[in-house]
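A.B. asks: Pasting the sequence and the predicted coordinates here, then a few questions.
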Amino acid sequence: MESHKEVIISMENGVRLVKFNRPHKKNAISFNMYKIIIDILNEDAKNDEVVLTVITGTGNYYSSGVDLKSKYFSSSQKPVSKKTNLYLQFIDAFIRYPKLLIAVVNGPAIGIAVTTLALCDVVYASDCATFSTPFLNFSLPPEGCSSYMFPRIMGKTEEALKFNFISKIFPHEHLENQIKELLNYGMLNRTFITNCKKLINNNIKNTLLEINLIEESAMEESYRSGAVTKSIKAYFNEKSKL
């Protein structure tokens, strides 16, 4: 699996490291990034060399979520079903991933970058991390199974730790050491990890897949109504006045 300009991919000791790499755009997720990450998770699910996957970001942000300035997502000309189906595939890839999936949140996480954290097995967060899901601002329904997974709105790292959303907070200056420490996990028995995850997630997996379909349908309805495109334009018009 080769690295791409917007997603840095590496492999060491059985650990797949995936980095969002659009720091100039606060690691906003483009159409290509969606496709790349879907492919990585689906292919690595069948790759016996991969024991676990670690996802993080470059620069100051983990990810600011979907790239709302992208013509693909903001344009009313693109087929609605194609947009929402991409979300569906993206979330499905997280739900179906059979191996250990760890997120290292190096900074602010927004929107789908937050909801997918709830689908990871372990979440470590820098003390610079924050969590925001501003779906109502853009006339969007909950996504990423957050309507099921989130008992409340997430805020700062201390609150997320309190509600078991994240497993550990570390000083931001220790970010690289934290990632290096995770490379040691590649020595764990892949079959054992996969079996344990299967036992833990077996009952909830089908539920999440069903909820993802329901949320995708609600999202498609919001797009078709024109509310999403209108809200995105209003947001950037207001921002340009600041």
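C.D. replies: That came through, no problem.
A.B. asks: Can you tell me the number of residues neighbouring Leu68?
C.D. replies: By other C-beta atoms under 10 Å, 17 other residues sit near Leu68. Glycine gets a C-beta too; all of them are placed from N, C-alpha and C.
A.B. asks: cool, and Ile204?
C.D. replies: Ile204 is flanked by 14 other residues according to other C-beta under 10 Å.
A.B. asks: And the pLDDT at it?
C.D. replies: Ile204 carries a pLDDT score of 87 in this model.
A.B. asks: Then Leu100?
C.D. replies: At Leu100, pLDDT is 95.
A.B. asks: That one and Leu182: what is the separation?
C.D. replies: 10 Å (C-beta to C-beta, to the nearest Å).
A.B. asks: between these two, what contacts are shared?
C.D. replies: Leu52 (C-beta atoms under 8 Å, 6 or more residues apart in numbering).
A.B. asks: Tell me which residues of stretch 33-45 come out buried.
C.D. replies: The neighbour-count check on stretch 33-45 (16 or more other C-beta atoms under 10 Å) flags 33-34, 36-38, 40-41, 44 as buried.
A.B. asks: Strands along this structure, start to end?
C.D. replies: Assignment of strands within the chain using DSSP state E yields the ranges 7-12, 15-20, 52-57, 100-105, 109-110, 122-126, 131-132, 168-170.
A.B. asks: ranking those strands by mean pLDDT, which is last?
C.D. replies: Minimum mean pLDDT among the strands of the chain: strand 131-132, a mean of 86.
A.B. asks: In terms of secondary structure, what does that strand contact?
C.D. replies: strand 109-110 (3 or more C-beta pairs under 8 Å, 6 or more residues apart in numbering; DSSP states H and E).
A.B. asks: List of residues touching the strand it packs on?
C.D. replies: With contacts defined as C-beta under 8 Å, 6+ apart, strand 109-110 is touched by 61-65, 117, 129-134.
A.B. asks: Also stretch 21-39?
C.D. replies: Here stretch 21-39 has contacts from 4-8, 18, 20, 57-70, 72-73, 86, 89-90, 93, 108, 112-113, using C-beta under 8 Å, 6+ apart.
A.B. asks: Mind doing that once more with 7 Å?
C.D. replies: For stretch 21-39, contacts defined as C-beta atoms under 7 Å, 6 or more residues apart in numbering pick out 4, 6-8, 18, 20, 57-59, 61-67, 70, 72, 86, 89-90, 93, 112.
A.B. asks: Can you point out the buried residues in the longest helix along the chain?
C.D. replies: When the chain is parsed with DSSP state H, its longest helix is helix 190-224. Judged by neighbour count (16+ other C-beta under 10 Å), helix 190-224 contains these buried residues: 190, 193-194, 197, 201, 208, 211-212, 215-216, 218-220, 222-223.
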